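Trainee: Whatever this is, show me its structure:
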Amino acid sequence: MPNSCRPTARTWRFVCHACSVAAGRSALDAQETEVLALLAQGASNGEIAKAATLSEDTVKCYLRSIRAKFGTSSRACLVALAYRNGVVTPSVPAEATAPVLSDAERTVLGLLSEGATTREVARRQLMSHHNAKEYVRRLLDRMGAADAAHGVSLAYRWQILADDREEGR
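Mentor: Here you go, the predicted model:
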């Protein structure tokens, strides 16, 4: 069983992206790769559209196609897959410095990078769904992230999630 297919101490479910990642990545065309790279850098749909000279509806269509190829519905998970598979390489953002995060906050970022919803975060962290939503929102605000995908992008760029990638998750 590959490393990424076995449960680890930091995850509460099987994470088996390695099995579909190689097929998904090889199936991406140049435009999809560009859209994924821009998403992984923290760009919104509008920003991706402007940078790639596409309409916002076309960007949404590309993202839907990319999510289908990788078998995920989460933008944050797509960002993590892009970093883990070399579509983009982490570069430290000049605009902000990394906040000091607790182990619980790192765990939540890891869960978000796996595509966990706030309901799944709540179940894993033993809190109510409402408290989990507030916790994630405060964490993303502290990081200066607009959404979970941007938060995961910053976490990789600040190398907060770098150890997870090196472990072969």
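Trainee: Tell me where this protein has helices.
Mentor: Assigned by DSSP state H, the chain shows helices spanning 18-26, 30-40, 45-51, 56-70, 75-84, 103-113, 118-125, 129-143, 148-157, 162-166.
Trainee: Those helices: which one's closest to Ser91?
Mentor: Closest approach to Ser91 among these (Cβ to Cβ): helix 148-157, 6.0 Å. Every residue, glycine included, has its C-beta placed from N, CA and C.
Trainee: neighbouring contacts of that closest one?
Mentor: 39-42, 74-76, 78-80, 83, 90-93, 96, 98, 109, 112-113, 136, 139-140, 143-145, 160-162, 165 (Cβ atoms under 8 Å, 6 or more residues apart in numbering).
Trainee: try stretch 102-113
Mentor: If you take Cβ under 8 Å, 6+ apart as the criterion, stretch 102-113 is touched by 10-12, 74, 76-77, 79-80, 101, 120-121, 124-125, 135-136, 139, 148, 151-152, 155, 160-161, 164.
Trainee: Could you do stretch 131-141 as well?
Mentor: 101, 105, 108-109, 112, 118-119, 121-122, 125, 127, 146-148, 150-151.
Trainee: any idea how far that stretch is from the chain center?
Mentor: On the basis of Cα atoms, centre = their mean, to the nearest Å, stretch 131-141 sits 16 Å off its chain's mean C-alpha point.
Trainee: buried ones in that stretch?
Mentor: With burial defined by 16 or more other Cβ atoms under 10 Å, the residues of stretch 131-141 counted as buried are 132-133, 135-136, 139-140.
Trainee: re earlier: Throw together a PyMOL command that grabs the buried residues out of the contacts of stretch 131-141.
Mentor: Only the buried entries of these go into this PyMOL selection, using 16+ other Cβ under 10 Å:
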select buried, resi 101+105+108+109+112+118+121+122+125+147+148+150+151
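Trainee: So, low pLDDT: which residues of the protein?
Mentor: For the chain, applying pLDDT under 70 flags the ranges 1-26, 92-96, 163-169.
Trainee: Name all residues that make contact with the spatially most central residue of it.
Mentor: Closest to where the C-alpha atoms of the chain average out (Cα atoms, centre = their mean) is Ala76, at 2.9 Å. Ala76 makes contact with 112-113, 115, 147-149, 151-152, according to Cβ under 8 Å, 6+ apart.
Trainee: Next, format the residues you listed as TSV and append distance to Val35.
Mentor: Conversion of these to TSV gives the following (distance: Cβ to Cβ, whole Å):
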residue	distance to Val35
Leu112	20
Ser113	19
Gly115	18
Asp147	16
Ala148	18
Ala149	13
Gly151	19
Val152	16
